[in-house]
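Participant: Predicted structure and sequence below. I'll ask about it afterward.
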Amino acid sequence: MIDIYKKSGSIESTVVGTVIALLATTIGALLSLASAWIASGILLSVTFITWALIQSELALWSTIIIYSLIPFGTLPFKFILTPTFLDITIATVYLVFFSQRLKSSRRPIVTTPAHAPIIIFILLSILSFILGSGNTVIGPNLLRKFVGYILNISMALIIVDQVHNRYILNRMIRIIILSGFAAAILGIGLYVAPTNLSELSLNYLSVFNYPSGNVLRYIEDNPANPLRAIGTSVDPNIFGGLLAIAGALLVPQTSANTPVFKHRFTSVLMLIVIITTLLLTYSRTAMSALLASIVFVAAIRNRKVLWILVAMILLILFLPLSQQYVSHFTDAIKGQDLATSMRLGEYKDALILISRYPAFGVGFGGTPDIDIYLGVSSAYLLLAEQVGLIGFSGFLIAITTVFVWGIKHKSDSLTNNCLSSQWLGIYGALVATTIIGVFDHYFVNLDFQSSQISFWVMIGLALSVTRISQELK
């Protein structure tokens with residue numbers, strides 16, 4: 001690695017040399033002052049970062065694997081703050097990006113029509129955070145979460161720059177699907193295992209600051225009702241959202257001419273496992289979102305995937321295990337279950353808050369009035385609460401630009417056998433996430449870093465696949 005940098009420009013060599021010197025000094029001090037476990041943990045982190053600097057995709061892969069398999073994990077010790085594993089991998093992604101910008105042979109920065117709207121939305125979010133800082137005490141934890149929120153949004157722009165050809169794009173899609181499949185296998189394993197064993201296994205994660213105790217989840221949080229699959233995502237709805245994205249990416253792969261996996265049977269098998277696990281989450285929103293993504297893929301190009309839709313509906317209607325699911329779904333449509341009633345109340349309260357602070361919202365910490373609260377089970381209403389209608393308009397413009405640009409140039413992707421199924425899967429996954437945002441909030445909630453990053457990674461991949469298709473046409 002050092003030999004490589006000997007040939008680099010003077011600025012880059014100076015920066016890398018300084019970083020190596022600081023790391024060597026820090027590790028030496030830790031070995032003499034700290035425990036062996038802490039020093040070993042930091043040494044492993046430094047090794048990972050060094051490896052990521054050599055293999056630039058590794059940091060992106062690691063981010064995807066972590067938000068899929070251990071999304072809420074943190075370091076088992078406190079270093080000023082307690083960084084999450086995602087904090088470390090995301091910081092490494094940015095370190096890789098900026099180190100590449102120092103190279104004399106660097107590629108020009110790639111831009112798309114969505115870059116400006118995304119940057120404007122970031123600036124509006126920062127403005128709302130500043131204006132709303134008087135509503136609550138801005139502690140280190142809230143500040144860390146908000147900085148992470150901004151970095152997560154910016155990740156879409158980093159993805160566009162890093163995923164600059166179809167080979168990298170295919171590898172990214174494979175990593176997302178395989179990570180989702182691994183999470184599904186883990187979720188099924190924890191679901192079918194005896195409840196005491198599953199709970200004990202999940203409690204072991206408390207060393208990484210996961211919740212402990214009664215962590216298993218049931219419908220309406222009532223143990224008399226069916227158990228809900230949660231995997232290692234803590235919450236069944238968050239787990240369902242992760243599976244819906246992986247499933248949407250897989251749907252067009254089942255009939256692709258040039259699939260990202262060598263054998264179509266592999267894609268079919270993984271999709272069956274993911275759909276089965278999604279059913280076990282009893283997440284009605286995530287399941288509806290996946291169904292909508294299938295309809296999207298069928299309507300745009302590939303009517304062969306309708307067999308998946310038919311199979312899912314038959315499975316839900318006639319499988320004995322699914323009868324509770326059907327009842328749970330119909331109760332939501334009728335507004336007769338507890339969760340739906342609570343949501344309707346939250347929507348009403350959110351509209352009151354937005355009507356009082358329509359321009360820039362109340363920020364991300366709290367509310368100025370004691371009779372209203374910040375929080376609602378809808379990403380769009382929550383955004384409007386936080387950044388106001390001006391900031392929310394910026395978000396809508398950014399997302400609309402992504403869709404409009406992609407749909408406008410879809411023929412360039414769909415006529416390319418190497419990009420067709422990838423384009424359909426990525427935009428199908430975006431359809432799923434936008435639907436989930438209507439009834440759930442985790443893609444924009446500061447407390448759910450993993451869901452935020454998964455959403456913006458998909459935005460970045462949507463822009464990447466459209467840009468790559470433009471270069472290949």
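Facilitator: That came through fine. Just so it is clear, the model here is predicted, and its values are computed rather than measured. Residues are numbered from 1 along each chain as shown.
Participant: quick one, phi/psi of Arg217?
Facilitator: Phi and psi for Arg217, reported as degrees, to the nearest 10, are phi -120, psi 140.
Participant: what's the neighbour count on it?
Facilitator: 19 (other CB atoms under 10 Å). Glycine gets a C-beta too; all of them are placed from N, C-alpha and C.
Participant: same deal with Val295?
Facilitator: If you count neighbours by other CB under 10 Å, Val295 ends up with 15.
Participant: Equivalent analysis for Leu351, please.
Facilitator: Counted with other CB under 10 Å, the neighbours of Leu351 add up to 14.
Participant: What residues does it make contact with?
Facilitator: Contacts of Leu351 were listed using CB atoms under 8 Å, 6 or more residues apart in numbering, and they are Leu381.
Participant: Ok, Arg467 next?
Facilitator: In this structure, Arg467 makes contact with Val110, Thr112, Val160, judged by CB under 8 Å, 6+ apart.
Participant: Can you name the helix or strand that it falls in?
Facilitator: helix 449-472 (DSSP states H and E).
Participant: Could you list the buried residues of that helix?
Facilitator: Across helix 449-472, burial judged by 16 or more other CB atoms under 10 Å covers 449-469.
Participant: Same question for stretch 90-107.
Facilitator: Ile90, Thr92, Val93, Val96, Phe97, Ser99, Gln100, Leu102.
Participant: Let me know the average pLDDT across it.
Facilitator: Stretch 90-107 shows a mean pLDDT of 80.
Participant: from the contacts of Arg467, which is closest to Tyr149?
Facilitator: Out of the contacts of Arg467, the one with the shortest distance to Tyr149 is Val160. That distance is 19.1 Å, counting by CB to CB.
Participant: Just to be sure, that closest one is in a strand?
Facilitator: No - residue state for Val160 (DSSP: H, G, I helix; E, B strand; the rest coil) corresponds to helix; a strand is not indicated.
Participant: The nearest residue in space to it that is not next to it in sequence: what's it in contact with?
Facilitator: Once flanking residues are discounted, Val160 sits nearest to Leu463: 4.9 Å by CB to CB, 6 or more residues apart in numbering. When contacts are counted by CB under 8 Å, 6+ apart, Leu463 touches Thr112, Ala114, Ala156, Ile159, Val160, Val402, Trp405, Gly406.
Participant: Reformat these as TSV; add pLDDT and distance to Gly437.
Facilitator: Output for the contacts of Leu463, formatted as TSV (pLDDT from 0 to 100; distance: CB to CB, whole Å):
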residue	pLDDT	distance to Gly437
Thr112	90	22
Ala114	94	17
Ala156	95	15
Ile159	94	19
Val160	93	22
Val402	96	14
Trp405	94	20
Gly406	92	18
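Participant: So which of the residues you listed belong to helices?
Facilitator: Counting by DSSP state H, those place Ala156, Ile159, Val160, Val402, Trp405, Gly406 in helices.
Participant: then stretch 431-449 to CSV, C-alphas only?
Facilitator: Backbone C-alpha positions of stretch 431-449 (Å, rounded to 0.1, in the frame of the first residue of the first chain) are rendered in CSV as follows:
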residue,chain,number,x,y,z
VAL,A,431,-41.6,2.0,-5.3
ALA,A,432,-41.7,-0.3,-2.3
THR,A,433,-39.9,2.2,0.0
THR,A,434,-42.1,5.1,-1.1
ILE,A,435,-45.2,3.1,-0.2
ILE,A,436,-43.8,2.0,3.1
GLY,A,437,-43.2,5.7,3.9
VAL,A,438,-47.0,6.3,3.8
PHE,A,439,-47.6,4.1,6.8
ASP,A,440,-44.2,3.8,8.5
HIS,A,441,-41.6,6.3,9.6
TYR,A,442,-38.3,4.4,9.9
PHE,A,443,-36.8,5.5,6.6
VAL,A,444,-36.5,9.1,7.9
ASN,A,445,-36.6,8.6,11.7
LEU,A,446,-33.3,9.6,13.4
ASP,A,447,-33.5,6.6,15.7
PHE,A,448,-33.4,4.1,12.8
GLN,A,449,-30.0,4.7,11.2
